[in-house]
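Engineer: Pasting a predicted model and its sequence here:
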Amino acid sequence: MKFHITTFGCQMNVHDSEWLARALEARGWEPAGEDEAQVYILNTCSVRDKPEQKVYSELGRVAAHLRRDPAVFAAVGGCVAQQVGRGFFDRFPHVRLVFGSDGIAGAPGALERIAQGRDDRVALLDFVNIYEERERPNERTVAVPETRQAFVNIMQGCDNFCAYCIVPYTRGRQKSRHPDAVVEECRALAASGVREITLLGQNVNSFGLDKGGAGVSFADLLRRVAAIDGLDRLRFTTSHPKDIAPEVIAAFGELPNLCPSLHLPLQSGSDAVLKAMRRRYDRTRYLSIVDALKAARPDIALTTDLIVGFPGETEADFRDTLEMVERVGYESSFSFKYSDRPGVAAVNMEPKVAPEEAGERLARLQSLQNSITRKCLKKLEGVRTDAFIEGLSRMQDDGPTWWKGRDPAGRIVNVPLAEGDGLMGMMIPVSIVEAKKHSLVGEKAGSPW
Ligand code: SF4
């Protein structure tokens, strides 16, 4: 069978889609372009604007392929699938499978049964109480990623119910994966040549606080994974500030392969707004974490998420956010204007901030962030570091080939190298020669390029 996956949304969804593709390939299925596929899989996200409408319009496009081959069918997974559920079957006869994020482990088997005519329609929408181990595609059928980087899921779902977020309703309650399974997957990846692993979860700092973690804390898990032979770089995302333990902060100073970068969502710099958002930390607590992180690892690069125009946010609240952004000195941030999403608590919160006002605040925030980003990058000129090569850079010219790498903190470093190929997944020592707006330019240390 030929399949095509379209993915919307976050890194967790991207990783889920990659796993699903590997599991189908291990069954002999082939990835294909949109015009040739027989099975269309949409992995959806509720965070986008008008998410249902976008999925409906994609399914409308897929229906056109039925004219080419009446056996064509579609599957819808992810957060919108969890919300709309069997409603997709009523509206789109060619949708034969819907699966939520807890149902994804059963999706490859269900797709196979449908393709073989053993099942007509399948809904995998139940939430489960424990992390269901996913099959690991046979290593002989699956190549090591050329970049030698991999993501490893350590948990599923979230218990936090932040007022603006749909995740606990669409991905269910928190379920930690068994730590032995995490370590075993990381070890197998490192043994097959992977040099950089990112541990993934909605809130990794609360790993182990449910019964699935077998009493192992996130700090303990980090230590076990960091000790794996051959693993040069270890990262994790996403961190909720309220749950970060002193032992995790200390790990940044103790584990040499734990990369000096942390994405620590602030969301707002105002205590009143943080309370309304139900974030359960305040400015003081957040700053104490930042100070401790900088003490443990002075070169740590901090990044964050920010929402402007949350219901009730005043100009003074917004200025508190600007002040925090300056005080922390984030290297970069993802910032968004608040907008109502059906099903979350903030929908009923008043007063709403006028869209023009929110837009104007967002522009001020992004302008401040751009100037901080420039200063942070400028400070790195002249520094020697290592770039882990991910692929060809977009900055090609008539000279040597430009490659895109990342330094230990995850910053993009474009570097010209005489070698035209074979560099993916290599660690190259570089000197930073120039800071651009959002990236760095390096040259191979000790070489004319
Ligand atoms: S911590 Fe808050 S924002 Fe993050 S997934 Fe959970 S509910 Fe959503």
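Structural biologist: All right, it came through fine.
Engineer: can you pull the buried residues of stretch 114-124?
Structural biologist: Within stretch 114-124, the residues that count as buried by 16 or more other Cβ atoms under 10 Å are 114-115, 122-124. Heads up, the C-betas are built off the backbone N, CA and C, glycines and all.
Engineer: Can you pull the residues of the stretch 51-200 of the chain lying near the ligand?
Structural biologist: Residues of the stretch 51-200 of the chain found near the ligand (Cβ under 6 Å from any ligand atom) are 158, 160-162, 165, 167-168.
Engineer: I'd like these as JSON lines, with distance to residue 333 and neighbour count appended.
Structural biologist: Listed next are those as JSON lines, based on distance: Cβ to Cβ, whole Å; neighbours: other Cβ atoms under 10 Å:
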{"residue": "158", "distance to residue 333": "21", "neighbour count": "23"}
{"residue": "160", "distance to residue 333": "20", "neighbour count": "17"}
{"residue": "161", "distance to residue 333": "23", "neighbour count": "12"}
{"residue": "162", "distance to residue 333": "17", "neighbour count": "21"}
{"residue": "165", "distance to residue 333": "18", "neighbour count": "22"}
{"residue": "167", "distance to residue 333": "20", "neighbour count": "21"}
{"residue": "168", "distance to residue 333": "24", "neighbour count": "17"}
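Engineer: Compile those into CSV and extend it with columns for secondary structure, distance to residue 423 and pLDDT.
Structural biologist: Putting these into CSV (DSSP: H, G, I helix; E, B strand; the rest coil; distance: Cβ to Cβ, whole Å; pLDDT from 0 to 100) gives the following:
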residue, secondary structure, distance to residue 423, pLDDT
158, coil, 38, 94
160, coil, 41, 94
161, coil, 45, 95
162, coil, 41, 96
165, coil, 40, 93
167, helix, 38, 90
168, helix, 42, 92
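Engineer: Residue 81: which of those residues is nearest?
Structural biologist: residue 167 (14.1 Å; Cβ to Cβ).
Engineer: ok, now how distant is the closest residue in space to the closest one that isn't next to it in sequence from residue 103?
Structural biologist: Among residues not flanking residue 167 along the chain, residue 158 sits closest, at 5.0 Å (Cβ to Cβ, 6 or more residues apart in numbering). The spacing between residue 158 and residue 103, counted by Cβ to Cβ, to the nearest Å, is 17 Å.
Engineer: Now the residue of the stretch 301-449 of the chain found nearest the ligand. Its backbone dihedrals?
Structural biologist: Sorted by distance to the ligand under Cβ to the nearest ligand atom, the residues of the stretch 301-449 of the chain start with residue 305, at 8.4 Å. Residue 305 adopts backbone torsions of phi -120, psi 140, taken as degrees, to the nearest 10.
Engineer: element containing the closest residue to it other than its chain neighbours?
Structural biologist: Closest residue in space to residue 305, ignoring its immediate chain neighbours: residue 265 at 4.0 Å, by Cβ to Cβ, 6+ apart. Here residue 265 sits in a region with no helix or strand, counting by DSSP states H and E.
Engineer: Backbone torsions only: list them for residue 265.
Structural biologist: Here is the backbone geometry of residue 265 (degrees, to the nearest 10): phi -60, psi 120.
Engineer: contacting residues for it?
Structural biologist: 238-241, 304-305 (Cβ atoms under 8 Å, 6 or more residues apart in numbering).
Engineer: Residue 153 reaches residue 14, doesn't it?
Structural biologist: No: look at residue 153 against residue 14 with Cβ atoms under 8 Å: they stay out of range, at 11.7 Å.
Engineer: So if I had to pick from the two, which one is more boxed in?
Structural biologist: More neighbours surround residue 153 than the other of residue 153 and residue 14, with 18 against 15 (other Cβ atoms under 10 Å).
Engineer: what's the pLDDT at the more buried one?
Structural biologist: Here, the pLDDT recorded for residue 153 equals 94.
Engineer: for residue 341, same thing?
Structural biologist: Residue 341 is assigned 86 on the pLDDT scale.
Engineer: burial measure for it, as a count.
Structural biologist: By the criterion of other Cβ under 10 Å, residue 341 has 17 neighbours.
Engineer: Perfect, I'm done here.
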